[in-house]
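Trainee: Need the 3D shape of this:
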Amino acid sequence: MRVLSSRAALWFGLALPACYMLFAYANGEMVYGGFIHWTGDLAAWLLLFTLALTPLRLLFPGRRWPTWLLQRRRYFGVASFIYAALHVGVYLARQPWARVAGEALEWGMLAGWIAFVIFVPLAATSNDRVVRRLGRRWKGLHRWVYAAAVLTFVHWVMTAFDPMVAYVHVGVLGGILALRVRARKLSQR
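Mentor: Prediction:
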């Protein structure tokens, strides 16, 4: 029972911003640009957080909280995908198809589309049943998250009105990836 309530509380916390944004957008309290901005930001922040969990565990060995978070990493990754899907869904619903098609091959948008296409199978295979069924292959498939993360931040840099914030996040992603590479090298010694 405790595990279920812990899982439900985590999902509630992850879903709360989405519920607020959908409600505000549907009632006209949030404009299209704000919705696109915040869903994209939350998707990217959750992605960074998901990728940072292994380095956090390594930086704080013996602590329970990084292990607790790491055991729930898939939840954060799926939540990141849900925010990205909201981002894409409202973009597609709001923009004329001719504009979507015209923008799709611009480098910034193309990077975003490729990242989203990579995220779809990752999200679809992030449940316990599929993890068991895929076995060791699951981990290999989910390594594609690194390519998708890089593409996500290329999309952000190239489509932002002010790319400075995006560059800061690219630096954070670079730091997370550097820590992961360093941790891997240390574990192979």
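Trainee: shouldn't Val154 be in contact with Met109?
Mentor: No: counting by C-beta atoms under 8 Å, Val154 stays clear of Met109, with 10.4 Å between them. The C-beta positions use only the backbone N, C-alpha and C, and glycine is treated the same way.
Trainee: next structured bit after the top helix by length along the chain?
Mentor: Secondary structure assigned by DSSP state H gives helix 32-59 as the longest helix of the chain. Of the helices and strands lying after helix 32-59 in sequence (DSSP states H and E), the nearest is helix 64-71.
Trainee: Does anything pack onto that following helix? Which helices or strands?
Mentor: Applying 3 or more C-beta pairs under 8 Å, 6 or more residues apart in numbering; DSSP states H and E, one finds that helix 64-71 contacts helix 32-59.
Trainee: list the buried ones in the helix it packs on?
Mentor: 35-36, 38-44, 46-57 (16 or more other C-beta atoms under 10 Å).
Trainee: Ok, stretch 170-188 next?
Mentor: For stretch 170-188, burial by neighbour count (16+ other C-beta under 10 Å) applies to 170, 172-173, 176-177, 179-180.
Trainee: got these as JSON lines, with secondary structure columns?
Mentor: Putting the buried residues of stretch 170-188 into JSON lines (DSSP: H, G, I helix; E, B strand; the rest coil) gives the following:
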{"residue": "Val170", "secondary structure": "helix"}
{"residue": "Val172", "secondary structure": "helix"}
{"residue": "Leu173", "secondary structure": "helix"}
{"residue": "Ile176", "secondary structure": "helix"}
{"residue": "Leu177", "secondary structure": "helix"}
{"residue": "Leu179", "secondary structure": "helix"}
{"residue": "Arg180", "secondary structure": "helix"}
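Trainee: OK, contacts around Leu47?
Mentor: Shown in contact with Leu47 (C-beta atoms under 8 Å, 6 or more residues apart in numbering): 77, 80, 145, 149, 152.
Trainee: ok, now how distant is it from Val170?
Mentor: 12 Å (C-beta to C-beta, to the nearest Å).
Trainee: No further queries at this time; thank you.
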